[in-house]
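In: What would the 3D arrangement of this be:
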Amino acid sequence: MRVLNCLLALAPVVSAQFIPGGSWGRPMSNPGPYNNCSGTLTQVPTDAVVDTLPNLSPDGQSGWERWDLTIYQSDIFLNLRWLQGDPSSNASVPADGSFEVSARFANGTIFHTRITGEKLTYTNSSPYSISIGQNTLTWDDSQTWYNTTLNLNGLTGSFGTESIMLDKFSPYAGWIIGQLTEGLYSDIPVTRGHTRAGSIQFPSGQEVKLNAQSVLSHMMGEQPVQSLAVNYAIRTFWSIGATFGDTFIYEIIDADYTAFFLARAEVRGAGFERYPIYVGTDSNDLSVKRINHTSTEAQMAGCANTNYVPFTWKYTLPSPVLEQFDSAGGRTTFYAFPRISTAEPFESEYVSYQGGTGIAYIYQTPGAIVVDQ
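Out: Sure thing, here's the model as predicted:
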C-alpha cells in the first residue's frame, strides 16, 4: 500500500463551521465491529446515518461530492447521480450542483437526462434527505429504507430501496475514516439494496416497475479526481440463495491499494435478517486474489463463522453497460454481472453453491491503462 501523508492533508475535511456529514477524515483509533468475524453487530452504526449527508458544505469554496444510486434488473440498468461541483475541475465549487439519470434498456437503447445550476439542499434531522431540484433521496434513523422521488425534464419516479445488510462499507486507508486513497473519500451506505415499491416513468411515456438489485455509493474530494487517482474500480457481488445471501465488495485503486467487505444476511420468514459476520479493510486477516480474469477469491483468515475457507466468486466477463465522461475526459464505465456462481462457507457445510448478480464501475483518467473488469 502507498504511504499516506494523511493527518496533515485532511485537516480541511472536518470543518468546525459545517456540521452535517460526520466521520470522514478523522483518524480511526479502533476498527469497532470491523475485522472481528463475531456476528455481534445488532444495529447499523449510528454515524452511518449522518455520513450519507454532505461532507462538503454546498456553500463551500472548493471541492466536489457525489452520490450514485445504481440499480439493475433484467430489463434496465439505471444510475442516478446527485453531484456537488465538478470532480474533474480545479475550479470546482459545490454550489454548482447537478442531477442526472442514465439508463440502458434491454434492447440496447440508451437514455440520459440532466439538470444543472441547482444547489444541493439537505435535511439534517430524521427523516434525512439530500435534494437537487425536485430529485430527493430520503432516509431515517433506522437506515432501512432509502426513498427516491424524481422530477426532471419530463421524467418522474417514486420508489424505495431497502437496505438488506446491517452495515455500510467505509474504507480507512492509512487509518483515516472513509479514505480510499490520500485525499479521496468514499463509502457505500447501501451495500445490498432491493429497489422496489415504485416505478420510474420516462418522457416517452414508458413506465418501468422496479424490482431490482441496487447499491448506493458516496464519494468526495477537495481536489480534482484525476489528481488523486489514475483509476479505480469498485465491484459489488451478491449471492442469492434459499437460506442466505452474501455480499462482497472489492475496491482497487491505482493497483496499489485494495479494500473489501464481506457480509451475510440470512433468510428469516419472508425477509432477511441483516448482520455482518466478517467485514473489514486494511487487515492482515483479509485477503483477496484474482484467480483469473473471471474468478475472484476472498477470505478472512481464522474466522470460525466462515469455516476457515475462502469465498470464490466466478462470473462471465461483461461488456460495458453505460459510459459517462467528465469535463476532463475521464471515463466511468458501468458493468452488470447477470450470472455469477459462488462457493461460500455455510454452517456445517464446507461450502454452499449459489448463484448471484453484480454491479461494477471503473473510473479511468484519459490515457490510463485499462483496469481489468
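
In: Pull the number of nearby residues for Asn357.
Out: For the record, residue 357 is Thr, not Asn. Using other CB atoms under 10 Å, Thr357 has 20 other residues around it. Heads up, the C-betas are built off the backbone N, CA and C, glycines and all.

In: What pairs with the helix or strand it falls within, parallel or antiparallel?
Out: When elements are defined using DSSP states H and E, Thr357 is found to belong to strand 349-364. Listed by DSSP bridges, the sheet partners of strand 349-364 and their directions read strand 231-240 (antiparallel), strand 331-346 (antiparallel).

In: Need the winner for burial among the ones you listed.
Out: Across those, averaging neighbours per residue (mean count of other CB atoms under 10 Å) puts strand 231-240 on top, at a mean of 22.

In: next helix or strand past that one?
Out: Scanning forward in sequence from strand 231-240, with DSSP H and E defining helices and strands, the next element found is strand 244-253.

In: just checking, what packs against that following strand?
Out: The elements that strand 244-253 packs onto, with contact taken as 3 or more CB pairs under 8 Å, 6 or more residues apart in numbering; DSSP states H and E, are strand 179-181, strand 184-201, strand 231-240, strand 257-268, strand 295-300, strand 311-315, strand 331-346, strand 349-364.

In: make it 6 Å
Out: On a contact count with 3 or more CB pairs under 6 Å, 6 or more residues apart in numbering; DSSP states H and E, strand 244-253 meets strand 231-240, strand 257-268.

In: ok, now how distant is the residue minimising distance to the centre of the chain from Arg81?
Out: When CA atoms, centre = their mean is applied to the chain, the residue found nearest the centroid is Ser217 (2.9 Å). Separation of Ser217 from Arg81 (CB to CB, to the nearest Å): 10 Å.

In: Mind listing the shared neighbours of these two?
Out: Between them, Ser217 and Arg81 have Asp68 as joint contacts when contacts are counted by CB atoms under 6 Å, 6 or more residues apart in numbering.

In: following the helix or strand bottoming out on mean pLDDT in the chain, which helix or strand comes up?
Out: Per-element confidence for the chain was summarised using mean pLDDT, DSSP states H and E. The lowest value among helices and strands belongs to helix 6-9, with a mean of 35. Remark: after helix 6-9, the chain's next helix or strand is helix 47-51, criterion DSSP H and E.

In: How much space separates the nearest residue to Tyr361 once chain neighbours are set aside from Gln61?
Out: Once its chain neighbours are removed from consideration, Tyr361 has its nearest residue in Phe334; the separation is 4.8 Å (CB to CB, 6 or more residues apart in numbering). Distance of Phe334 to Gln61, computed by CB to CB: 31 Å.

In: go on, Gly269?
Out: Looking at Gly269 against Gln61, where the rule is CB to CB, the gap reads 51 Å.

In: So if I had to pick from the two, which one is more boxed in?
Out: Summary of the neighbour comparison: Gly269 and Gln61, criterion other CB under 10 Å, with Gln61 having more neighbours (12 against 6).

In: Tell me where the model's unsure across the stretch 251-373 of the chain.
Out: For the stretch 251-373 of the chain, residues meeting the criterion pLDDT under 70 lie at 255-256, 270-286, 290-293, 300-302, 348, 367-373.

In: contacting residues around the closest residue to Tyr353 other than its chain neighbours?
Out: Here the nearest residue to Tyr353 in space, its sequence neighbours aside, is Ala343; by CB to CB, 6+ apart that works out to 5.8 Å. Taking CB under 6 Å, 6+ apart as the contact definition, Ala343 lies against 312, 351, 353.

In: Can you tell me which of those residues are classed as buried?
Out: Neighbour counting over those (16 or more other CB atoms under 10 Å) leaves Thr312 as the buried ones.

In: partner residues bridging Ala360?
Out: Beta-bridge pairing of Ala360 under DSSP bridges involves Arg235, Tyr335.

In: Give me the neighbour count for it.
Out: Taking other CB under 10 Å as the definition, Ala360 ends up with a neighbour count of 23.

In: cool, and Ser158?
Out: By other CB under 10 Å, neighbour count at Ser158 equals 15.

In: can I get the CA coordinates of the helix or strand it falls within in PDB?
Out: Here Ser158 is covered by strand 155-163, with elements defined by DSSP H and E. These are the backbone C-alpha positions of strand 155-163, laid out as PDB (Å, rounded to 0.1, in the frame of the first residue of the first chain):
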ATOM      1  CA  LEU A 155     -39.100  12.100 -16.200                       C
ATOM      2  CA  THR A 156     -40.800  11.200 -12.900                       C
ATOM      3  CA  GLY A 157     -40.400   8.400 -10.400                       C
ATOM      4  CA  SER A 158     -41.000   7.300  -6.900                       C
ATOM      5  CA  PHE A 159     -39.600   4.200  -5.300                       C
ATOM      6  CA  GLY A 160     -37.900   2.800  -2.200                       C
ATOM      7  CA  THR A 161     -34.600   0.900  -1.700                       C
ATOM      8  CA  GLU A 162     -34.500  -1.500   1.200                       C
ATOM      9  CA  SER A 163     -31.000  -1.800   2.700                       C
END
